[in-house]
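Asks: Fold the following.
(chains A and B)
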Amino acid sequence: LAKTTQPISMDSYEGQEVNITCSHNNIATNDYITWYQQFPSQGPRFIIQGYKTKVTNEVASLFIPADRKSSTLSLPRVSLSDTAVYYCLVGVWEYGNKLVFGAGTILRVKS
Amino acid sequence: NAGVTQTPKFQVLKTGQSMTLQCAQDMNHNSMYWYRQDPGMGLRLIYYSASEGTTDKGEVPNGYNVSRLNKREFSLRLESAAPSQTSVYFCASSDGDTVYSYEQYFGPGTRLTVT
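Replies: Below you'll find the predicted structure:
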């Protein structure tokens, strides 16, 4: 499983776009990149997943450069409710799919 | 559709006591997981079950046992609780059959304190 590196914490203000970058230098050919969000006292929640280029859904975008050694989660116009821990996971799908979570990035959104 | 449910929500044990954490999902998922989360840390996988009738060790299995009772239920047992097992325990499930099994659905967690 590829080791990932994320910033420990980030601060932002309401209405701003937030970009959280994850480094995964030893990503393997078959690895996917997945992001989860966790609010205090709750279990993590899947946000987005991608393999290459750009993926967008209703809550976020995921940018993956051609070499795939890093990825950036982009949250448009954050609000106070986006304050949470964000986890970047990299791994290959296999039956049962063991996820490995790191420490994550604490995002604090201020008014 | 309740998703993933866990019982109990809170539990306090004395060292050496045993208990079973219960987990159930109503999404007809094949795979189920148990994680623990310690303060300021990410989640660590204890055990997982890729399908009914199978279980495998994760990153931190020592001191735990699991049972995949049926497709819906996956329980975690602490035979002799230790203070080091004080943690928040999360159960999760996923489809397990496609690449979208990266999308795991988590329960609300059980906060366990061992004194």
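Asks: ok, B:Gly58 - contacts?
Replies: B:Gly58 is in contact with A:Lys98, B:Tyr33, B:Trp34, B:Tyr35, B:Arg44, B:Leu45, B:Ile46, B:Tyr47, B:Tyr48, counting by Cβ atoms under 8 Å, 6 or more residues apart in numbering or on different chains. C-beta coordinates here come from the backbone N, C-alpha and C atoms, glycine included.
Asks: Would you mind putting these into a markdown table with pLDDT and distance to B:Leu13 alongside?
Replies: What follows is the contacts of B:Gly58, written out as a markdown table (pLDDT from 0 to 100; distance: Cβ to Cβ, whole Å):
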| residue | pLDDT | distance to B:Leu13 |
| --- | --- | --- |
| A:Lys98 | 64 | 27 |
| B:Tyr33 | 91 | 22 |
| B:Trp34 | 95 | 17 |
| B:Tyr35 | 94 | 19 |
| B:Arg44 | 89 | 20 |
| B:Leu45 | 88 | 22 |
| B:Ile46 | 93 | 17 |
| B:Tyr47 | 92 | 19 |
| B:Tyr48 | 89 | 24 |
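Asks: and those, which of them are in helices?
Replies: Using DSSP state H, the subset of the contacts of B:Gly58 located in helices is empty.
Asks: List only buried entries from these.
Replies: B:Tyr33, B:Trp34, B:Tyr35, B:Arg44, B:Leu45, B:Ile46, B:Tyr47, B:Tyr48 (16 or more other Cβ atoms under 10 Å in any protein chain shown).
Asks: Surely B:Gly3 and B:Ala24 touch.
Replies: No. Counting by Cβ atoms under 8 Å, B:Gly3 does not reach B:Ala24; the two are 9.8 Å apart.
Asks: Show me which of the two is the more surrounded one.
Replies: B:Ala24 (20 against 14; other Cβ atoms under 10 Å in any protein chain shown).
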